[in-house]
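J.: Sequence isn't available, so here's the structure alone:
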Ligand SMILES: NC(=O)c1ccc[n+]([C@@H]2O[C@H](COP(=O)([O-])OP(=O)(O)OC[C@H]3O[C@@H](n4cnc5c(N)ncnc54)[C@H](O)[C@@H]3O)[C@@H](O)[C@H]2O)c1
Ligand SMILES: NC(=O)c1ccc[n+]([C@@H]2O[C@H](COP(=O)([O-])OP(=O)(O)OC[C@H]3O[C@@H](n4cnc5c(N)ncnc54)[C@H](O)[C@@H]3O)[C@@H](O)[C@H]2O)c1
Ligand SMILES: NC(=O)c1ccc[n+]([C@@H]2O[C@H](COP(=O)([O-])OP(=O)(O)OC[C@H]3O[C@@H](n4cnc5c(N)ncnc54)[C@H](O)[C@@H]3O)[C@@H](O)[C@H]2O)c1
Ligand SMILES: NC(=O)c1ccc[n+]([C@@H]2O[C@H](COP(=O)([O-])OP(=O)(O)OC[C@H]3O[C@@H](n4cnc5c(N)ncnc54)[C@H](O)[C@@H]3O)[C@@H](O)[C@H]2O)c1
Ligand code: NA
Ligand code: NA
């Protein structure tokens, strides 16, 4: 049985790197480096495999996938030879990427968000039928949104259902996509810091439809490092006085994060791990600065000052120089597979055991990477022997 | 019941910082920052407490403790005000520090190592009686030795007993101290990379005397960081290509480590964590360079290059600027307490659950810090409710 | 003949570190490390010497100098032993520090800025007479001001004279101090990025009174490093693509720079060297973040990405960890001496040869440190043999 | 008139990058980034231009240039597109690269070094005639040699002439090449730390033949940075306490420098700038470690600790991540042109004004980059208007 992976933001860097990688790995052209489910500890445990994934998605741009792939190769994100090797398969995927149905309140005679939901759902159904898919996992890898204003409908599913039929948009795009995914019977994963399914009304919807969801904000760089260093300081009972970071990045994501709204969402998401693992919030902030010239590579620098025995002042600094899309893409494949397996196993509601993958994980979960790793291993263990594909057909309403 | 802490190298930086700290903490003059057993998770679980420890030891130098303490204050390792506050108590400890009994094979009419063992044992007995101690933990914090040549007596306890009575030294000083400690009924901890109790004959002796022992080489800086970063790369299935480090340090330990023999012992001990946690050894070495001017502070720099999805090359570097003695001293207090509690609980042989504290831990144990932390927590849990002081008197032969 | 040094902000960190240092150096208790005029190349050339300087000043706080000195010792800026050694002399200086006369437009019956000028001048005259000073150099080391709104009186001396007598303040405090200094016959130096004498009307005043002035913004850390690295890239014809920096600092100056107005003034001042020495402005900004806990020490991190032969991408990063007050104080002594010698030699108007000392130097001058060093050496050469103390009495109107 | 550039080590990374670059620049395919003579300040001053250079050389390997070029593209040193564009011209150069004539003392009936000299000279003459060259500049960019044992013939030209005819080799390869170049009337430049022309006997030969020579050891990375930072500390009268560096590099040069002999030569060459510009040698060393995996890119890290006003301890560290061949190649082009112009202008003996380009420059010259830049500018000024091509034919004996 194949699993569909419906990417919102399917023409973006993370999405296209994921596709190129999946195609290359299944053809044996590249090893699955960076894929957590392919590490020696977890290999061959989770179904679907990378080879079972079928890609499609929504985007607001029409840039063809091969053009985006060429740009990624030019930028050093993926090898040019791989892009050439998977060219035809990429173009085939392009057929399954559709323009995002949207609600434009400013235009006269525009449709309601409920109508947009139906349009998204129609695209998902078409995708399912074209490829005879047993399940579809919807993953948001589109541009980060600013946090939306609060709305009463966010807190109650019935109120939300009614509000969606009205003339005013009530959900931000990521949450509307989550809503549409759930009503279409698809688990939803948010790889961005956007709202997604993180609203009480959507949680209720997921439970009603017996679907799992996951998020938020893929943990790929500086925060990943923090999630192992902060527990180290805590376990050694060293007192962290300040922790400051700066992230210099280019790329499409960088340009967007240079906007104050998106930046604030991300920066908050990035410091949370400190308070959670240390038990207190040290002084300092995380800055995100956009430098177009850096392209898809990011350089982050962190300074940690801490106090040891008898008050002795000490310090550590680190520089992380990573390719964000290359770090994110294999996690997208992992998340697709894990969420699919959880879905097959009948899991519903938030998949809190996936905290390992996220900066701002759902639920009251540990933020230390090692604890998250344990939770992930346990989940993999559980899912390894409990596939129940029969359940999957029940999902869609 | 008080617990003696007999420090080999009792006039060195680590030893004296431990003493000043224990005195300051028990008087409420300083918080127990850096003491793992005083972290929120583990607090108030392990007896003896810091206030129950009584210090003594051996050294080959006669530098008075107050002079050493003043030098440590001058160097910024401990606050001058604390040194003043504990001055009289330090001088009291000075009474319990005795010159190391030694074997000088080159001198005519010199004693055998067996006689030296008796002399060390006599010093330990005196210490026990002077302070009416229920138990004594012997901890090696003296200068790192070069690795000794192998000797058949290292592998068999009976052979060793005989060999010790001969004219030629058969054990290096750290192992002779371990031998003497064990025959005196004292658990032994090696905070240095020296041989200590790490010989089959000494393991047999510890089991015969029903005593625990621990080691090797306190994990206080660069290796500590490695023990959280390397698992992070492994868990994320990122391929570490190179890992190179340089340690620039001054102080007495630095001067000694500038000697090729000691340096080699330490450098090997420092890279082991990589192979153990990654499952392969990346290219690169750890260098230790002596810079007198850096004093008791150490700066370590590490460069890690790694490969991600589809071969993308990435890198991270970190600089650690720490005060070695301030990092080591609280661990010495922790180890004294934990070994004492294990002794009270009747534990014998290697305390492998103390791997958290060591660069080169005993036994087939995990090298990832998080796993070591779990092992430590479990040990603390076990020891919390099983004090059996009655057992302690059985120990000494 | 003694030279007065009148410090605006005389109770601040830079001011008090300068005083402690001058007292310690003249007593032979400390070497003149950091004093440019005491380097092997320039030693014994410029009169007055450090021993000829007499300190006084204005401040808005009344914190006694010995209290401030103790705080500086506590913070590790100056050795506690030196503070003890110069304690009495510091208290003597305290007698010459007076509350800043101010204009409070909001209070009824308040004086005009012209009256404040007279009050400042009276304080300077009193200082001159108390110590029988041949000259007084006024140096602004007070809190950085936000840039003031532009005003027509800034551009014309006569308009300014009239405007000062009116009820509304027309000059920001630093410029009012500069005005008062010049009418009192005193050369003026601005060590801060504040306006100071940098207005056409004040330049005219300085020329009218035949007095020199200097500024702006002492160059003590990251910008100093930039002023040697940027020329290196230019001379090697390497193309700098991005240059980003972050400054993490505590202390009083840090708290003030955390205010947007002051921060903007400083950040702009810090990037100017790049455009000036490279001939183009690379992408990137300099951030200043306040971290109270860092105290008087500052950590700056810069990332430079550059392009070499055939477009190869390369990078360099540096971390600077300095004590701002300790870097600034010796320059204050140098500037006092050089400005005094220039005054004695009859120099009037902007001392552009002092660009070596400033982030944002006066005039069309080179920004490469090496060129500024040449200019300084030439100035020292010129001043070495041209003392003409007779001229000094002509100055004051 | 064309100028020949005869590269010893013509199939190495630096050599081939120089050739690719010269071909690309003259065809307008790449800008002359990194070429000092093409910077805005010095552009269009020196003849020959890059387009006037004709390449040939010696090597001990037969690897075709296009294979080496492909490897450089693969390693990210040069763009693959450029390599394709200059492919045919590279193959043409290949015709002018000949196996190095050598002396093999261990083989019976082997020739003397004098005979090898004649063989080298014959190759140079052939090159001259094939391309009708007005002059040939010989540049050593071959593998660094260990320092040779001292020999009396090194100090006297006549003794050397005699010794060369004997059966035992008396000159290391780099010096033999210099000797052959000079007797063939060719100026000689050593871009490596090897001996080259740096022997009294060879200096005498150069003067006898009225030829200029230059060296030693291209300054491309960490030492370049040192040559601007060390003067900064000196000018600010800050006391550098320690300066330690580590260079991690792969590539052919890295593999060779991992050999103790070559490593020592290079490491010494790298610290010289400190003593020369500071006036004293701070503690610390420069390490060179070979990490095959790093390829042609090098990462250097330096830690500088320094003392400021009243003894305050401060520190700076930098990381340099550069592509050595890409940094070296444009300098090779600059050196060829400058030496050719000096030759045309009748300059003989060491070209000390080229210190800007070298880690270990000839003569008693300044080591601060800014001073070297001034010397270079003055030389360019001098050479701009004094071409005297007539002199060139006098050279060869
Ligand atoms: N790369 C990482 O390491 C990482 C880590 C965590 C989170 N993220 C998040 O992943 C997301 C994608 O990052 P990226 O680098 O691929 O960015 P990108 O700019 O390359 O791609 C985003 C794509 O989303 C599309 N898009 C924008 N609005 C949309 C909408 N409303 N519906 C559908 N598509 C829309 C854009 O047209 C674009 O193709 C970002 O939100 C980023 O913050 C990335
Ligand atoms: N500080 C750390 O972070 C750390 C971490 C791991 C291991 N260690 C090890 O701890 C040890 C102590 O370090 P330190 O900084 O205190 O060194 P130190 O040089 O200050 O002190 C060592 C003391 O041991 C004494 N000594 C030497 N040989 C002796 C012998 N045979 N018997 C008894 N005493 C002897 C010396 O006289 C000295 O007083 C070293 O071996 C070091 O490698 C330290
Ligand atoms: N330390 C450096 O490296 C450095 C470099 C360049 C510029 N500066 C500038 O030097 C100045 C002083 O720095 P600091 O670290 O000593 O700061 P600080 O906060 O310790 O001292 C400033 C002093 O100025 C006083 N003050 C405030 N407003 C005043 C006014 N209107 N008139 C008179 N006094 C006033 C304050 O009460 C305080 O005592 C700042 O403007 C700073 O930006 C410092
Ligand atoms: N790249 C830089 O930044 C830089 C800076 C300063 C000095 N250098 C020096 O430049 C030299 C070349 O560096 P590279 O990276 O091109 O090295 P490389 O190993 O790529 O090339 C060296 C070439 O010299 C050839 N060779 C070896 N012995 C020879 C001999 N006796 N005669 C003729 N050819 C010989 C080798 O076969 C090889 O082709 C090295 O000595 C290096 O130390 C390089
Ligand atoms: Na760094
Ligand atoms: Na760093």
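T.: Looks like it arrived, so ask away. On a predicted model such as this, the values are computed, not experimentally measured, just so you know. Ligands and ions are numbered 1, 2, ... in the order given.
J.: Could you tell me which residues of the stretch 151-300 of chain A lie near chain B?
T.: When proximity is defined by C-beta under 8 Å from any C-beta of the partner chain, the stretch 151-300 of chain A lies next to chain B at A:224-225, A:227-229, A:231-232, A:234-239, A:279. For glycine as for every other residue, the C-beta is placed from the backbone atoms N, C-alpha and C.
J.: Between the residues you listed, which sits nearest chain D?
T.: Nearest to chain D, judged by C-beta to the nearest C-beta, of these is residue A:225 at 16.8 Å.
J.: what sits against the closest one?
T.: Contact analysis of residue A:225 by C-beta atoms under 8 Å, 6 or more residues apart in numbering or on different chains lists A:302, A:318, A:320, B:229, B:232, B:316.
J.: Could you rerun that using 10 Å?
T.: Residues in contact with residue A:225 (C-beta atoms under 10 Å, 6 or more residues apart in numbering or on different chains) are A:219, A:245, A:273, A:300, A:302, A:318, A:320, A:322, A:369, B:228-229, B:232, B:316, B:318.
J.: for residue A:42, same thing?
T.: Here residue A:42 is in contact with A:35-36, A:334, A:338, A:376-377, A:380-381, A:384, B:235, B:237 (C-beta under 10 Å, 6+ apart).
J.: Apply 6 Å and report the result again.
T.: Contacts of residue A:42 were listed using C-beta atoms under 6 Å, 6 or more residues apart in numbering or on different chains, and they are residue A:380.
J.: all strands of chain A, in order?
T.: A:3-8, A:53-59, A:97-99, A:135-140, A:188-190, A:212-215, A:239-249, A:286-290, A:297-307, A:313-323, A:349-350 (DSSP state E).
J.: Any idea which of those strands gets closest to chain D?
T.: Chain D lies closest to strand A:313-323 among the strands of chain A, at 7.3 Å (C-beta to the nearest C-beta).
J.: Can the closest one be said to contact chain D?
T.: No - figure legend: strand A:313-323 not in contact with chain D (C-beta under 6 Å from any C-beta of the partner chain); closest approach 7.3 Å.
J.: so residue A:175 touches residue A:195, yeah?
T.: Yes - using C-beta atoms under 6 Å, residue A:175 is in contact with residue A:195, at 4.6 Å.
J.: which neighbours do these two share?
T.: Common neighbours of residue A:175 and residue A:195 (C-beta under 6 Å, 6+ apart) do not exist.
J.: Out of the helices and strands in chain A, which is least certain?
T.: helix A:251-257 (a mean of 73; mean pLDDT, DSSP states H and E).
J.: does ligand 1 sit close to it?
T.: Yes - Helix A:251-257 reaches ligand 1 (C-beta under 6 Å from any ligand atom) through A:251-253.
J.: how does chain A divide into domains?
T.: As given by automatic domain parsing, the domain ranges for chain A are A:3-218+A:326-382, A:222-322.
J.: Adding distance to ligand 2, write those out as TSV.
T.: Shown next, in TSV, are those (distance: least, C-beta to the nearest ligand atom, whole Å):
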stretch	distance to ligand 2
domain A:3-218+A:326-382	23
domain A:222-322	11
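J.: for those, which one sits closest to residue B:54?
T.: Nearest to residue B:54, of all the domains of chain A, is domain A:222-322, at 19.7 Å by C-beta to C-beta.
J.: chain center to the closest one, what's the gap?
T.: 20 Å (C-alpha atoms, centre = their mean, to the nearest Å).
J.: Endpoint to endpoint, that domain covers what distance?
T.: End-to-end distance for domain A:222-322, by C-alpha to C-alpha, to the nearest Å: 9 Å.
J.: Over to stretch A:37-48?
T.: End residues of stretch A:37-48 are separated by 11 Å (C-alpha to C-alpha).
J.: From the contact counts, what lies against the least confident helix or strand of chain A?
T.: helix A:260-278, strand A:286-290 (3 or more C-beta pairs under 6 Å, 6 or more residues apart in numbering or on different chains; DSSP states H and E).
J.: which of those is buried the deepest?
T.: strand A:286-290 (a mean of 21; mean count of other C-beta atoms under 10 Å in any protein chain shown).
J.: so where's the stretch 251-397 of chain A shaky on pLDDT?
T.: A:262, A:265-266, A:269, A:385-397 (pLDDT under 70).
J.: Next to ligand 5 in this structure, residues from it, please.
T.: residue A:319 (C-beta under 5 Å from the ion).
J.: mind redoing it with 8 Å?
T.: With the criterion set to C-beta under 8 Å from the ion, the stretch 251-397 of chain A comes near ligand 5 through A:301, A:317-319.
J.: need those residues in CSV with neighbour count, can you?
T.: Listed next are those as CSV, based on neighbours: other C-beta atoms under 10 Å in any protein chain shown:
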residue, neighbour count
A:301, 24
A:317, 22
A:318, 23
A:319, 21
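J.: What about residue A:145, how many residues nearby?
T.: 20 (other C-beta atoms under 10 Å in any protein chain shown).
J.: Find the closest residue to chain B in chain A.
T.: residue A:370 (2.9 Å).
J.: for that residue, what are its contacts?
T.: Contact analysis of residue A:370 by C-beta under 6 Å, 6+ apart lists residue B:370.
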